[in-house]
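Visitor: have a look at this prediction, sequence included:
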Amino acid sequence: MRNKKKIVLTTLGIQDQQKNPINFIKYLKKINENYYPYKYYIIGSIEKKTHEQIDKISKHNKNIIVKNQYLKFNEYKKYFNKADIIIIPEAKNYEYMSSGIIWDCFSYNKNFFASNNSLNKFYLNKYKVGYIYKKNNLPDLFKKIKSLKKNSRSEFAKLHHDYSQKQNIKILKKILF
């Protein structure tokens, strides 16, 4: 098992108390590293309190790499392209909040794991390009990584012109309210 390629998981952008990867790091403890080797990169501007929490919880895990830095576009693109899976961190207080990076994932055919909220579920059910992560399902998600469907850029563009976006909003309103 030692020669297996490590899966590169990446969280990019601002990390603060509102959207932080702490629970995902906790969930990673359940992964058997011998069967599912991984590297998890947390890269971007990290609020001090969040950075302290991340350091405390991940200090004994050599597979978690934290880079607290402002990302210029070319750096963002470099880390985004190297990732096998983008991790969309939890948004604690917003059931309907979604990260802007989801649109990058759709646009560039990048698979992702997203936190469990209504808006993320809607997108993932509609486009089948990722999975919702929860407390106990990461080992199963690691098994499914290779089965993720890749959307083409043209399909994404076709589905997201102005009229289509208005239709999506109408559907969401019916589902959520």
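Guide: On my side now, so go ahead.
Visitor: low-confidence regions, this protein specifically.
Guide: Scanning the chain for pLDDT under 70 picks out the ranges 1-3, 34, 91-99, 145-169, 177.
Visitor: which stretches of the chain form strands?
Guide: Applying DSSP state E to the chain gives strands spanning 7-12, 19-20, 38-44, 64-68, 85-88, 90-91, 112-114, 130-132.
Visitor: now the angle from the longest one to strand 7-12?
Guide: It stands for strand 38-44. Counting by axes from the mean of the first three to the mean of the last three C-alpha atoms, to 10 degrees, strand 38-44 points 10 degrees away from the direction of strand 7-12.
Visitor: what sits up against strand 38-44?
Guide: Residues from elsewhere that reach strand 38-44 (C-beta atoms under 8 Å, 6 or more residues apart in numbering): 6-15, 21, 24-25, 28, 31, 54, 63-71, 79, 83, 87, 142. For the C-beta atoms, the positions are set from N, CA and C on the backbone; glycine is no exception.
Visitor: same check, this time on the first one
Guide: Taking contacts as C-beta under 8 Å, 6+ apart, the residues outside strand 7-12 that touch it are 21, 24, 36-44, 71, 76, 79-80, 82-89, 101, 113, 142, 145.
Visitor: pull the CA atoms of it into PDB?
Guide: What follows is strand 7-12, C-alpha atoms only, in PDB (Å, rounded to 0.1, in the frame of the first residue of the first chain):
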ATOM      1  CA  ILE A   7      -5.000  12.000  -3.100                       C
ATOM      2  CA  VAL A   8      -4.500  15.700  -3.000                       C
ATOM      3  CA  LEU A   9      -7.300  17.500  -1.100                       C
ATOM      4  CA  THR A  10      -7.300  21.300  -1.100                       C
ATOM      5  CA  THR A  11      -9.200  24.100   0.600                       C
ATOM      6  CA  LEU A  12      -8.400  27.500  -0.900                       C
END
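Visitor: can you list the buried residues in that strand?
Guide: Judged by neighbour count using 16 or more other C-beta atoms under 10 Å, the buried positions of strand 7-12 are 7, 9, 10, 11, 12.
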